[in-house]
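1. Okay, here's the prediction I keep looking at, along with the sequence it came from:
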Amino acid sequence: MNLIMIHRVFLLAGLVGHKLVWIFLKRRQGGKHVNDSGPLPLKTKLVKACKLTILLSILAQTMIPESWIADQSWLAFLIIADDSSVLVVVGTVLYMFGLTVAILGRTQLGDNWSDIETAQVIEKQRVVSRGLYRFIRHPIYTGDLMLLCGLELALNSWLVLGVFLLMPIVMRKAVQEETMLMDELEGYAAYCTETTRFIPFVV
């Protein structure tokens, strides 16, 4: 197995590990979600379908060799540079940092977490202000965006621009969640005055 394949396997393992952490913690959390029973609304089903499609697409992209993409005239435009060594290093570092931030954020949130498509105040939820949450309110969003950006750079792909299209969607979702939590979760409004959303002491 050459270095390129080892690198691809490494990236793929990180994505799988990320997903397994979410599955494990969600199962451990059990039936604490208020909206877990009954049929899901159409909007929720669509969001879940979009999440699954994006995940499967990223997994597939990670497994497709760059040389194969370069040989396909209809895909070759996705390649950023002929010599991708710098992009691979920078992207991999960003990818690992984002992966670490996302997993730490999810772990530290514990049973206070809920799916992005069913964001809600759950039973016995409390404000988490330790670890990464001491500085930023949305480390999972921050980590996932860095992870995706780093992954696309490491894969030498112009699809990295798609991450910038996701940013306003994530920002909007974060604001909606904060509005709900300030209305329904005691102490969250005060917590918001002491932290920033995505980057410590910046924004």
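-> Okay, I see it.
2. For the rest of this, base every contact and every neighbour count on C-alpha atoms.
-> Fine.
3. following the longest helix anywhere in the chain, which helix or strand shows up next?
-> Secondary structure of the chain per DSSP state H: the longest helix is helix 3-29. Downstream of helix 3-29, the first helix or strand assigned by DSSP states H and E is helix 42-63.
4. how about low-confidence regions in this structure?
-> Along the chain, segments meeting pLDDT under 70 span 1, 31-38, 40, 117-119.
5. Now do the same contact list for the spatially most central residue of it.
-> By CA atoms, centre = their mean, the mean C-alpha position of the chain lies nearest to residue 144, the distance being 2.5 Å. For residue 144, the contacting residues are 98-99, 102, by CA atoms under 8 Å, 6 or more residues apart in numbering.
6. now, which of the residues you listed lie within helices?
-> Short answer: the contacts of residue 144 in helices (DSSP H) are 98-99, 102.
7. And those, which is closest to residue 22?
-> Distances from residue 22 to the ones in helices among the contacts of residue 144, taken as CA to CA, are shortest for residue 102 (10.2 Å).
8. And for that closest one, the neighbour number?
-> Close neighbours of residue 102, defined as other CA atoms under 10 Å, add up to 24.
9. Could you double-check that it sits in contact with residue 140?
-> Yes: using CA atoms under 8 Å, residue 102 makes contact with residue 140 at a distance of 4.3 Å.
10. ok, now which ones touch residue 140?
-> 101-103, 105-106.
11. Closest one to residue 13 out of those, please.
-> Of the contacts of residue 140, the one sitting nearest to residue 13 (CA to CA) turns out to be residue 103, at 13.8 Å.
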